[in-house]
Every structure is written in structure tokens, then in C-alpha cells.
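K.L.:
build me a model from this:
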Amino acid sequence: RAMEHDRAIEVYDIIRTIRDPEKPNTLEELDVVTESCVEVQEIGEDEYLVIIRFTPTVPHCSLATLIGLCLRIKLQRCLPFRHKLEIYISEGTHSTEEDINKQINDKERVAAAMENPNLREIVEQCVAEPD
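P.N.:
Next up is the predicted model:
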């Protein structure tokens, strides 16, 4: 269990510095992600299931999908261990949470979104490491 806890901290350290697409703040500063929103379960030898539940700043936040995308891209790039990643909106915190959950966990839709130059640019700005 200690290992899973360490992994969760590692995950949180990667995502807490992601910037909000519209504000100068990080997701950590806005309480979009907190340490307790990261869950890690060992699912195989050296492979982990990483579950993240984030809370959009407002219930009808149009940026929720984008934030989910930022979380996924940053973790895909930075996580040093083998993992499966599931990203959800905290239950009851968004009006279209089911749709968004589907979208941000659908590899093809994520790939398609990242092919959109405007979207990709926003994601890149959000996931860039702070200076």
C-alpha cells in the first residue's frame, strides 16, 4: 500500500502544476485537483491503475474537457511507470459529467482533439512546466 501511496504523490506532483486554460493559476491553486483526488491501484507487476477525479471550477465549465485533456497528456508524457489512466469529473460537480468522462477516456477522441492545432496549443501552454 505504501508503494501505491508514493505513486499517488508522484502523480499529484505532475498534475498540480498544470495551469488553468483561462486563469494564471494552477489546478492545485484552484482546488481543481487535490492530493485526495488521485487514486492508484496496483493492477499487475509494475503496472498501476491511476484514477483521477477532478473538480471543475464551475458546474457548467466548458473547460472541463480541456482540463481532462491536459491531465491525460501531461501524465502520458511524464509518468515514469506503466499505467492505465482513468480521468473523471468528481461526481455531481458538472452538468454534463457523463459526456465529458466518456470523451476524456476515449483514446480516439483524445487523439483527434490533439490534432486540432488550436486545442493542442492551449494544452501545451497548460502543461508546460512553470519557469
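
K.L.:
check contacts around the residue nearest to the spatial centre of the chain.
P.N.:
Most central residue of the chain, judged by C-alpha distance to the mean C-alpha position with C-alpha atoms, centre = their mean, is L71 at 2.5 Å. For L71, the contacting residues are 15, 18, 33, 52, 54, 87, 104, taking C-beta atoms under 8 Å, 6 or more residues apart in numbering as the criterion. In short, each C-beta sits where N, CA and C put it, glycine included.

K.L.:
break down the protein into its helices, ranges please.
P.N.:
Listed from the start of the chain, the chain has helices (DSSP state H) covering 2-15, 64-78, 97-104, 107-115, 117-127.

K.L.:
buried residues of the fourth one, list them for me.
P.N.:
For helix 107-115, a neighbour-count test (16 or more other C-beta atoms under 10 Å) marks 110, 113 as buried.

K.L.:
got a list of contacts for that helix?
P.N.:
So helix 107-115 is contacted by 65, 69, 72-73, 103-104, 119-120, 123 (C-beta under 8 Å, 6+ apart).

K.L.:
centre of the chain to that helix, how far?
P.N.:
Its chain's C-alpha centre and that of helix 107-115 lie 15 Å apart, by C-alpha atoms, centre = their mean, to the nearest Å.

K.L.:
ok and that helix relative to helix 64-78, angle-wise?
P.N.:
Put simply, helix 107-115 runs at 90 degrees to helix 64-78, going by axes from the mean of the first three to the mean of the last three C-alpha atoms, to 10 degrees.

K.L.:
residue most distant from the centroid, the protein?
P.N.:
Relative to the mean C-alpha coordinate of the chain, counting by C-alpha atoms, centre = their mean, the farthest residue is E45 (23.7 Å).

K.L.:
and the gap between it and F81?
P.N.:
Using C-beta to C-beta, to the nearest Å, E45 is found at 11 Å from F81.
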